[in-house]
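Student: A structural model of the following input is requested.
(2 chains)
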Number of protein chains: 2
Amino acid sequence: MVNYPNKKKTIHTHNTYVHSVVSNSKHYTAHRGMSLEEDISLSNEYYLSASIAVIYKKPTPIQIVKVDYPKREAAKIVEAYYKTPSTTDYNGVYKGKYIDFEAKENKTKTFPFSNIHKHQIDHLKRIIEHGGIAFIIIAFTTLNEVYLIDASYIIHDYYHESRKSMTYEKIKTLGHIIPQGYQPRLDYLKIVDEVYFKEEKK
Amino acid sequence: MVNYPNKKKTIHTHNTYVHSVVSNSKHYTAHRGMSLEEDISLSNEYYLSASIAVIYKKPTPIQIVKVDYPKREAAKIVEAYYKTPSTTDYNGVYKGKYIDFEAKENKTKTFPFSNIHKHQIDHLKRIIEHGGIAFIIIAFTTLNEVYLIDASYIIHDYYHESRKSMTYEKIKTLGHIIPQGYQPRLDYLKIVDEVYFKEEKK
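Tutor: Got it, this is the predicted structure:
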């Protein structure tokens, strides 16, 4: 059994995909029943504990309507709703640079733009304009392949292509496959090194 | 009346301080009944709309226990609890650099370290180690003064001083007073320029 050190109890909420993946025998980490979100969380915990990077998933935004205070210290939320996030799910710092990304799973061999919010596209665009590193991690669950693609390609096609999706072939060409392993589970920072820190090796 | 453009409806949850401040006639923005959090949010919205920086407050982390699904599209959370945040409240990108900070209000002329979680201190320490910009914004509500202080000073005293607080005088000496105005309400990036981007002006 694969045993991860420092594994925190992560609460997976607002992610119906997790459940659908777990019940799907062909998802990309079938041997462990993990979702892309869980794999990225484990990778981030590894990067944090190994002092490689500080990257977190943002909490799911919740609109709280009603809170009960049975005791002073244990406020209980009794009515709340999921809100649409304004930004992407992940951000942090790596080698002094700001990193920002969204992660998406696909069961088919295409990445439909309906899978990402327009304000997330615009957010990624702004990150690039301000000198940050912005990308999307796309998992093709039936192929057991995960890609990192610079956000600029998605932003371009989102706004300038009539086709409202990006094919697997195009992602494979423009993106980079992320090595999967034991620790980190998904070594996406290896790809970040290759794509965004190349010139520093001169 | 001061009228802010682009003012989004911000949901203020898990912040009992907001309420106590609003009901306190001597808080630092008495003329508008705003909290430090609201002022920073307005400043961040201004920075965003003026293409100066992309900085957001992270959503409050919530542990969701029970969700009702009366309809497919309107999940209602009926039992949830506030979680202790692992990181600071604010982060983003400015001039290509990763920015990370926490904001705290004080009614007295001291900043008690009980006001900040140990893991937030450790988080800020890691940010500095990874080349990010880390600071704390401290408002002294009775004085109507807001300071930006580099996180390293707080981290140092937190771990090496027997006194479990930092005095107003020390914060005034080591930190920088943030200009208050119409737009942005709190121009903390002006101080970030002075403190962290000085050498770029050579």
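Student: Residue A:167 and chain B: what is the separation?
Tutor: For residue A:167, the distance to chain B (CB to the nearest CB, to the nearest Å) stands at 29 Å. Quick note: C-beta positions are derived from backbone N, CA and C, even for glycine.
Student: Is that residue bridged to anything, and to what?
Tutor: residue A:110 (DSSP bridges).
Student: so it makes contact with residue A:113?
Tutor: No. Applying CB atoms under 8 Å, one finds residue A:167 not in contact with residue A:113, separated by 12.0 Å.
Student: Could you check which of those two has the larger neighbour count?
Tutor: Remark: of residue A:167 and residue A:113, residue A:113 carries more neighbours, 18 against 12, as counted by other CB atoms under 10 Å in any protein chain shown.
Student: pLDDT on stretch A:64-71, on average?
Tutor: For stretch A:64-71, mean pLDDT rounds to 88.
Student: Same question for stretch A:139-155.
Tutor: Per-residue pLDDT over stretch A:139-155 has a mean of 97.
Student: residues contacting the nearest residue to residue A:117 once chain neighbours are set aside?
Tutor: Nearest residue to residue A:117, sequence neighbours excluded (CB to CB, 6 or more residues apart in numbering or on different chains): residue A:84, at 6.4 Å. Neighbouring residues of residue A:84 by CB atoms under 8 Å, 6 or more residues apart in numbering or on different chains: A:61, A:117, A:119.
Student: and of those residues, the nearest to chain B?
Tutor: The closest of the contacts of residue A:84 to chain B turns out to be residue A:61 (CB to the nearest CB; 4.0 Å).
Student: mind checking how far the closest one is from residue A:44?
Tutor: Applying CB to CB, to the nearest Å, the value for residue A:61 to residue A:44 is 19 Å.
Student: Check residue A:187 too.
Tutor: 12 Å.
Student: what about the two, which has more around it?
Tutor: Between residue A:187 and residue A:44, counted using other CB under 10 Å, the more crowded position is residue A:44 (23 against 18).
Student: hmm, back to that, output the contacts of residue A:84 as TSV; include the columns neighbour count.
Tutor: Conversion of those to TSV gives the following (neighbours: other CB atoms under 10 Å in any protein chain shown):
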residue	neighbour count
A:61	18
A:117	16
A:119	13
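Student: What about those residues, which are in strands?
Tutor: Residues of the contacts of residue A:84 located in strands (DSSP state E): none.
Student: a markdown table for those, including pLDDT and distance to residue B:55?
Tutor: Output for those, formatted as a markdown table (pLDDT from 0 to 100; distance: CB to CB, whole Å):
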| residue | pLDDT | distance to residue B:55 |
| --- | --- | --- |
| A:61 | 92 | 16 |
| A:117 | 92 | 19 |
| A:119 | 94 | 16 |
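Student: show me where pLDDT drops low in chain A?
Tutor: Low-confidence segments of chain A, defined by pLDDT under 70: A:1-33, A:71-73, A:200-202.
Student: max-length strand in it?
Tutor: Longest strand in chain A, counting residues (DSSP E): strand A:97-106.
Student: Dump it to PDB, restricted to CA.
Tutor: Below are the C-alpha coordinates for strand A:97-106, written out as PDB (Å, rounded to 0.1, in the frame of the first residue of the first chain):
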ATOM      1  CA  LYS A  97       7.600  33.500  -8.700                       C
ATOM      2  CA  TYR A  98       3.900  33.600  -8.300                       C
ATOM      3  CA  ILE A  99       2.200  30.400  -9.500                       C
ATOM      4  CA  ASP A 100      -1.500  30.100 -10.400                       C
ATOM      5  CA  PHE A 101      -3.400  27.300 -11.900                       C
ATOM      6  CA  GLU A 102      -6.600  25.400 -12.300                       C
ATOM      7  CA  ALA A 103      -6.900  21.600 -12.500                       C
ATOM      8  CA  LYS A 104      -9.500  19.700 -14.500                       C
ATOM      9  CA  GLU A 105     -10.300  16.100 -15.200                       C
ATOM     10  CA  ASN A 106     -11.800  14.900 -18.500                       C
END
